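**Student:** Got a predicted structure plus its sequence, pasted below:
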Amino acid sequence: MSKLSRREFVYMMAVHGSVPVFANSHTRMTNTNKLEDYYKLKPHGNVRLMHMTDSHAQLLPVYFREPSVNLGFYGNYGKPPHIVGEKLLDYYGIKGDKRLEYAYSCVNFEKHAKAMGRVGGFAQIKTVVDFLKNNFGAEKTLLLDGGDTWQGSATALYTRGKDMVGAMNKLGVDVAVGHWEFTYKAEEVLANVELLEAEFLAQNVKVKEDSMMNGVEAFDEDTGHAFKPYTIKKMGNARIAIIGQAFPYTTIANPQRFIPDWTFSINDDGMQEMVDMVREEEKPDAVIVLSHNGYDTDKKMAEIVTGIDFIMGGHTHDGVPEAYPVKNEAGTTYVCNAGSNGKFLNVLDLNIQNGKIKDFKFTLLPIFSDLIPEDKEMKKYIEDVRAPFLKELTREIATTENTLFRRGNFNGSWDQIICDALIDVKGADISLSPGFRWGTSVMPGQAITFDDLMTQTAMTYPETYARDISGKGIKDILEDVADNLFNEDPFYQQGGDMVRTGGISYRINPTAKMGNRISDITLTKNGHKLESSKNYKVAGWSTVGSKSPGEPVWETVETYLKNVKHIANLKVDTPDIVGIKGNPGIV
């Protein structure tokens, strides 16, 4: 494949003639502009792959603030996606383009959001997908979904993901993989896969041997694969192999109790065997891995598994405006990611000649809702899905003067509200909230609706708890999660971001060894050091091992917000981070 410059990777390369695909304007544009003025990518090659991921059931346009903290260390120091804010704009040479600044970074977020409005929305995505497909040739185009699609909203929870299966079908998804999809019960997952018109792939999900002996079905009883591991797609004169990779640590990060008969793993050896077999027996023109590993894990897989042309990845919600090249002993594999919440669509155009990829062009295409007319059929579908719950969803709970967001390695303002609510309602000293990456943003001056609250909390194991935990136990929890996030080996990064905390402050050294990253844990209410042998009342939610006894967390937070009524001057508890001077992964 020919080498393209970073400037070409950025979607500014997608032009008609010499005019940038997006106007460099801070003024709000209307969808009366012709769609082709902004989304007509100059065709390249003879195969087009469109890829979205981590939409987390956000059918409507949303506000979404990109992280101001996404730290990288060791081999990932200063490399995408661990570059944020102004440094990211400098890295990609896009400073001054307000549309791209709004899309890719947290810089001037409130100002840009006010001017340009929301992003994403399945009715808008449908319009863009159809336009790009028709512009290039439907028979030469595929739409891939990287997972985390059936979870993240009230309607997804109430319908057990079926609302999103219907939306995927209307969108025209061809191939899909999963992660939070597996937080429904196994029979619900299988029922949804049956309804899904796309092929649902996973080379790294297998049925336990004793489960098969007890009658649990597998896609392939000889290999144990629970789902189809790969597919071959004929696209014009080209044959494309797509291999599925589900989130490898689903049964560690999420409850095994919902899916007791399936095992998940990185399965890098199995991936190499699969790639080798597919290349030898199927003789495809290109091999694509549709992955939910996470960006750094995908980069490591690209280093050690040969024969993959592109990894279209998800899980870590990184909107990276390039196909990142990773060298391995047989050549180069390119790693791509498509952000989250329906905010982006990856467009990968391949020029395949004589059975090989000659060259390609990659575009991380932001979905600016104000520029795109809604697809009428998809809009009607969304309205119908939401109609039975609309009164509940639109119910106003409180108001805010602060921007409420979640995304980032440490506490976000939404997380802080959840932590404060757990302490206040449960009468706890300390609160712990999982470092989930999903969740949209609420702008200053907006009412906080029940719909907004559920974008932060809607899941199948939302129950709360309040229990005594020793100071040592609290430190051990922080150390364990920190190792998941900052382990030097990406294959051991098994969860989300750092556990969110309320009622304490602490110091963290991300590059220290396991057990030595956390120090100086202090109670914020009185400044006292946490005592190792003393018990503290800790409130939390979302227990993985067994169901907690308390009410769903959204009830806890709603009780708190109704009492507070208005969020103003919110103080976000952030740790003292050691060893980050000059790190481009923090603003």
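**Tutor:** Received the coordinates, thanks. Numbering: from 1, shown residues only.

**Student:** which residues in the stretch 351-500 of the chain form helices?
**Tutor:** Ranges of helices within the stretch 351-500 of the chain are 376-386, 390-393, 413-426, 450-457, 471-486, based on DSSP state H, counting those that start in this stretch.

**Student:** Can you give the contact residues for the last one?
**Tutor:** Under the criterion CB atoms under 8 Å, 6 or more residues apart in numbering, residues 71, 73, 409, 430, 432, 435, 469, 492-499, 501, 504, 506, 508, 510-511, 514-515, 517-518, 521, 530-536, 538 lie in contact with helix 471-486. All C-beta atoms are positioned from the backbone trio N, CA, C, and that covers glycine.

**Student:** what's the span of stretch 293-310 from first residue to last?
**Tutor:** 14 Å (CA to CA, to the nearest Å).

**Student:** Now do the buried residues in that stretch.
**Tutor:** For stretch 293-310, a neighbour-count test (16 or more other CB atoms under 10 Å) marks 293-302, 305, 307-310 as buried.

**Student:** if we can go back for a sec, now the helices of the stretch 351-500 of the chain as JSON lines including mean pLDDT, distance to residue 148 and mean neighbour count?
**Tutor:** Below are the helices of the stretch 351-500 of the chain laid out as JSON lines (pLDDT from 0 to 100; distance: least, CB to CB, whole Å; neighbours: other CB atoms under 10 Å):
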{"stretch": "helix 376-386", "mean pLDDT": "98", "distance to residue 148": "18", "mean neighbour count": "17"}
{"stretch": "helix 390-393", "mean pLDDT": "98", "distance to residue 148": "21", "mean neighbour count": "14"}
{"stretch": "helix 413-426", "mean pLDDT": "98", "distance to residue 148": "18", "mean neighbour count": "25"}
{"stretch": "helix 450-457", "mean pLDDT": "98", "distance to residue 148": "13", "mean neighbour count": "23"}
{"stretch": "helix 471-486", "mean pLDDT": "96", "distance to residue 148": "18", "mean neighbour count": "19"}
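
**Student:** Ok, which of these comes nearest residue 574?
**Tutor:** Across those, residue 574 has its closest neighbour in helix 413-426 (9.4 Å, CB to CB).

**Student:** In terms of secondary structure, what does that closest one contact?
**Tutor:** On a contact count with 3 or more CB pairs under 8 Å, 6 or more residues apart in numbering; DSSP states H and E, helix 413-426 meets strand 430-433, helix 450-457, strand 464-470, strand 500-502, strand 535-541, helix 553-564.

**Student:** Relative to residue 87, tell me which of the ones you listed wins on proximity.
**Tutor:** Of all the helices and strands packed on helix 413-426, strand 500-502 comes closest under CB to CB, at 24.8 Å.

**Student:** hmm, back to that, between the helices and strands packed on helix 413-426, which gets nearest to residue 219?
**Tutor:** helix 450-457 (33.0 Å).

**Student:** what's next to the closest one, contact-wise?
**Tutor:** Residues outside helix 450-457 that contact it (CB under 8 Å, 6+ apart): 56, 58, 62, 152-154, 157, 392-395, 397, 404, 406, 414, 418, 436, 438-440, 442, 446, 552-554, 557-558, 561.

**Student:** out of those residues, which are buried?
**Tutor:** 56, 58, 62, 152-154, 157, 393, 397, 404, 406, 414, 418, 436, 438-440, 442, 446, 552-554, 557-558, 561.

**Student:** Now tabulate the helices and strands packed on helix 413-426 in a markdown table and tack on distance to residue 380.
**Tutor:** Listed next are the helices and strands packed on helix 413-426 as a markdown table, based on distance: least, CB to CB, whole Å:
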| stretch | distance to residue 380 |
| --- | --- |
| strand 430-433 | 37 |
| helix 450-457 | 19 |
| strand 464-470 | 37 |
| strand 500-502 | 38 |
| strand 535-541 | 36 |
| helix 553-564 | 28 |
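
**Student:** In contact with residue 487: list those residues for me.
**Tutor:** Listed by CB under 8 Å, 6+ apart, the contact partners of residue 487 are 493, 514.

**Student:** Swap in 10 Å and give it another go.
**Tutor:** Residues near residue 487 by CB atoms under 10 Å, 6 or more residues apart in numbering: 73, 74, 296, 493, 494, 510, 514.

**Student:** Model confidence for it, exactly?
**Tutor:** At residue 487, the model reports a pLDDT of 94.

**Student:** same deal with residue 39?
**Tutor:** We have a pLDDT of 87 for residue 39.

**Student:** Could you check how far it is from residue 471?
**Tutor:** 55 Å (CB to CB, to the nearest Å).

**Student:** ok, residue 306 touching residue 276?
**Tutor:** Yes: Residue 306 is in contact with residue 276 according to CB atoms under 10 Å; the separation is 8.5 Å.

**Student:** So which of the helices and strands packed on helix 413-426 is nearest residue 360?
**Tutor:** Checked against CB to CB, the stretch from those lying closest is helix 450-457, at 34.7 Å.

**Student:** okay, now the closest residue in space to residue 369 that isn't next to it in sequence: neighbour count?
**Tutor:** Counting by CB to CB, 6 or more residues apart in numbering, residue 61 is the residue found nearest to residue 369 once chain neighbours are left out, at 3.9 Å. Per other CB atoms under 10 Å, the neighbour tally for residue 61 reads 25.

**Student:** and what of the one 4 residues further on?
**Tutor:** Neighbour count of residue 65, defined by other CB under 10 Å: 22.

**Student:** Is it in contact with residue 413, as I believe?
**Tutor:** Yes: counting by CB under 10 Å, residue 65 touches residue 413, with 9.4 Å between them.

**Student:** Could you name every residue contacting both of those two?
**Tutor:** Taking CB under 10 Å, 6+ apart as the criterion, residue 65 and residue 413 both touch 403, 404, 405, 406, 441, 442.

**Student:** Hmm, which of the residues you listed is lowest in pLDDT?
**Tutor:** pLDDT across the shared contacts of residue 65 and residue 413 is lowest for residue 406, at 94.

**Student:** State the distance from the residue nearest to residue 369 to residue 343.
**Tutor:** 9 Å.

**Student:** what's the closest of the helices and strands packed on helix 413-426 to residue 581?
**Tutor:** strand 500-502 (23.4 Å).

**Student:** Would you give the sheet partners of the next helix or strand after the closest one, along with the direction of each?
**Tutor:** Next helix or strand after strand 500-502 toward the C-terminus (DSSP states H and E): strand 504-508. Paired strands of strand 504-508, with direction, are strand 518-523 (antiparallel), strand 576-577 (parallel) (DSSP bridges).

**Student:** Need the ones you listed in JSON lines (columns: mean pLDDT and mean neighbour count).
**Tutor:** Conversion of the strands paired with strand 504-508 to JSON lines gives the following (pLDDT from 0 to 100; neighbours: other CB atoms under 10 Å):
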{"stretch": "strand 518-523", "mean pLDDT": "97", "mean neighbour count": "17"}
{"stretch": "strand 576-577", "mean pLDDT": "96", "mean neighbour count": "14"}
